[in-house]
Structures are given as structure tokens and as C-alpha cells.
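**Student:** Below are the sequence and a predicted model; questions follow.
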Amino acid sequence: MAVLPVDEGGRSLVERDGWDDAQIAELRRRLDRSDRKLAAWADTYDFNGQAAQEQADEDQES
């Protein structure tokens, strides 16, 4: 949230829209949790893709 663009009045978007600290903290917590979940899925996808490619390579050699 610290990197949100600042309008010409100097206030951030969430301050301008009336968000309080608790709302901002809850949103950051949710976004962080989603980000970690997506990163774990990406790692699993990459690992499974690599394993499938290795299996395909072994099948072609046989």
C-alpha cells in the first residue's frame, strides 16, 4: 500500500476513499495470502511440467 500512487493533493487512493487502517491491513493480509497460494501453485505446475517432460524423453528413448 505504501507504493500506491499519490494524487496531486498528497493523499493516497485508499486514504482518499476513506479506508481506515484496519481495512487496509485486512486487504493486505488477503492479498499476501493469495500471492503465496499462487506462487505455490506455480511451483507445483513447473515441477509437474518438468517431470512430465523427463518422462516423455525417457519414453522416446525406449
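**Tutor:** Perfect, thanks for sending it.
**Student:** From the chain's centroid, how far away is the host helix or strand of residue 45?
**Tutor:** Using DSSP states H and E, residue 45 falls within helix 21-61. Between the centre of helix 21-61 and the centre of its chain there are 10 Å (Cα atoms, centre = their mean, to the nearest Å).
**Student:** I'd like the average pLDDT over that helix.
**Tutor:** For helix 21-61, mean pLDDT is 87.
**Student:** Can you work out which other helices and strands pack against that helix?
**Tutor:** If you count contacts as 3 or more Cβ pairs under 8 Å, 6 or more residues apart in numbering; DSSP states H and E, helix 21-61 packs onto no helix or strand. C-betas here are computed from N, CA, C, even on glycine.
**Student:** Pick out the residue closest to the middle of the protein.
**Tutor:** residue 35 (2.7 Å; Cα atoms, centre = their mean).
**Student:** Could you report the separation of that residue from residue 47?
**Tutor:** From residue 35 across to residue 47, the span is 19 Å (Cβ to Cβ, to the nearest Å).
**Student:** before we move on, what about residue 36?
**Tutor:** 17 Å.
**Student:** try residue 60
**Tutor:** Distance from residue 60 to residue 47, by Cβ to Cβ: 21 Å.
**Student:** quick one, which of the two is more surrounded?
**Tutor:** Just comparing residue 60 and residue 47: by other Cβ atoms under 10 Å the higher neighbour count belongs to residue 47, 10 against 7.
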